[in-house]
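Novice: I would like the atomic coordinates for the input below:
(one chain, ligands or ions: 1)
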Amino acid sequence: MIQSLQEPYPELLRQAEGLFAGERDPWANAANAAALLWERLPELNWAGFYFMRGGGLIVGPFQGRPACVRIPLGHGVCGTAAARRETVIVQDVHAFAGHITCDAASNSEIVVPLVAQGRLLGVLDLDSPRCGRFAPADAEGLEYFAACMVAACDWRLAGIDDIGGC
Ligand code: SME
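Specialist: Sure thing, here's the model as predicted:
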């Protein structure tokens, strides 16, 4: 499975599993996850998380420039991916109606929802200064990465809203 992913995701997944091993705290794992993505993936200017709080998204651990703190569901690329519970790739953020600019250097973006047993926990968000930086192979690799992180953590420790559980 991991072997079928394109580079650099197989190695990234192995490193993530190593980082998460023996640690169930969502904040610790999210902080290391953001740092790992930032270090291993080229051409990024932001890598990190937003988590569900008060019915919307609030910024979590990240690397990059300071970002907008709260994003309502359905707003921006993050809120759109969260509301749809599906990965959104935006090749040119300037052509995405409602895109929220946190860093003027961003030109493309990918957002992957974090979902555990039907419960929306938040999103993983990566920005790039290069238009068209993110391909379907990135979506596949990052969805594995997100699933790996979701499985590694005890989300009861996170104080995340319980919305949409099943
Ligand atoms: N561009 C995002 C906002 C978050 S920053 O990129 C870190 C959006 O449109 O939701």
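
Novice: C-alpha from now on. contacts and neighbour counts both.
Specialist: OK.

Novice: ok, which residues in the protein are in contact with the ligand?
Specialist: 67, 76, 77, 78, 79, 99, 100, 101, 102, 127 (C-alpha under 6 Å from any ligand atom).

Novice: change it to 5 Å
Specialist: Contact residues (C-alpha under 5 Å from any ligand atom) of the chain with the ligand: 76, 77, 78, 99, 100, 102.

Novice: most neighbours of all the residues you listed, which one?
Specialist: Highest neighbour count within the residues of the chain next to the ligand: residue 78, with 29 neighbours (other C-alpha atoms under 10 Å).

Novice: show me what contacts the spatially closest residue to that residue that is not a sequence neighbour?
Specialist: What sits nearest to residue 78 in space, not counting adjacent residues and going by C-alpha to C-alpha, 6 or more residues apart in numbering, is residue 111, at 6.0 Å. Going by C-alpha atoms under 8 Å, 6 or more residues apart in numbering, residue 111 touches 77, 78, 81, 87, 88, 89, 123, 124, 125, 126.

Novice: tell me the SS of the one residue sitting closest to the centre of the chain?
Specialist: Nearest residue to the geometric centre of the chain (C-alpha atoms, centre = their mean): residue 124, 0.7 Å. Secondary structure assignment for residue 124 (DSSP: H, G, I helix; E, B strand; the rest coil): strand.

Novice: go ahead and confirm it touches residue 114.
Specialist: Yes. Proximity of residue 124 to residue 114 meets the contact threshold set by C-alpha atoms under 8 Å, at 7.0 Å.

Novice: joint contacts of those two?
Specialist: Each of residue 146 lies in contact with both residue 124 and residue 114 under the rule C-alpha under 8 Å, 6+ apart.

Novice: what is the burial count for residue 6?
Specialist: The number of residues near residue 6, taken as other C-alpha under 10 Å, comes to 13.

Novice: identify the residue nearest it in space, chain neighbours excluded?
Specialist: That would be residue 137: by C-alpha to C-alpha, 6+ apart, it lies 6.4 Å from residue 6.

Novice: what does the pLDDT read for the one you found?
Specialist: pLDDT for residue 137: 97.

Novice: what's in contact with the host helix or strand of it?
Specialist: Assessed by DSSP states H and E, residue 137 sits inside helix 136-152. Helix 136-152 is touched from outside by 5-6, 9-10, 13, 16-17, 20-21, 23-24, 29-30, 33, 87, 89, 110, 112-116, 124, with contacts defined as C-alpha under 8 Å, 6+ apart.
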